[in-house]
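Peer 1: The sequence isn't on hand, but the structure is:
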């Protein structure tokens, strides 16, 4: 009987570990999506800053 209890315990432990790893994997995928969004946002902001700097240079040249 002890052998069956040990097997049941092992199955439960493995089930719990599988659930934990699935949750961890889902969280990792969400973080990857967030990082991708942040990278895209950073690229857009970089282009906007470059445009603003270019516009300011044009204004400065017009003032000279």
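Peer 2: On my side now, so go ahead. Worth saying up front: this structure is predicted, and the values here are computed from it rather than measured.
Peer 1: Under the pLDDT cut-off, which ranges of the chain? List them.
Peer 2: For the chain, the stretches flagged by pLDDT under 70 are 64.
Peer 1: again, only this time at 90
Peer 2: For the chain, residues meeting the criterion pLDDT under 90 lie at 1-2, 59-64.
Peer 1: so residue 44, which of the three states?
Peer 2: Counting by DSSP: H, G, I helix; E, B strand; the rest coil, the backbone at residue 44 sits in helix.
Peer 1: can you pull the contacts of it?
Peer 2: Counting by CB atoms under 8 Å, 6 or more residues apart in numbering, residue 44 touches no other residue. C-beta: built from backbone N, CA, C; applies to glycine.
Peer 1: Quick check: it vs residue 58, distance?
Peer 2: Computed as CB to CB, to the nearest Å, the residue 44 to residue 58 distance reads 21 Å.
Peer 1: Over to residue 43?
Peer 2: 23 Å.
Peer 1: And residue 17, by the same measure?
Peer 2: Taking CB to CB, one finds residue 17 at 61 Å from residue 58.
Peer 1: And residue 4, by the same measure?
Peer 2: Counting by CB to CB - residue 4 and residue 58 are separated by 81 Å.
Peer 1: Can you name the helix or strand that residue 52 falls in?
Peer 2: helix 2-63 (DSSP states H and E).
Peer 1: Return the distance of that helix from the chain's centre.
Peer 2: 0 Å (CA atoms, centre = their mean, to the nearest Å).
Peer 1: Count the residues that sit near residue 50.
Peer 2: Residue crowding around residue 50 was assessed by other CB atoms under 10 Å; the count is 10.
Peer 1: Likewise for residue 47?
Peer 2: If we define neighbours as other CB under 10 Å, then residue 47 has 10 of them.
Peer 1: Next: residue 48.
Peer 2: By other CB under 10 Å, 10 other residues sit near residue 48.
Peer 1: what sits against it?
Peer 2: Counted by CB under 8 Å, 6+ apart, residue 48 has zero contacts.
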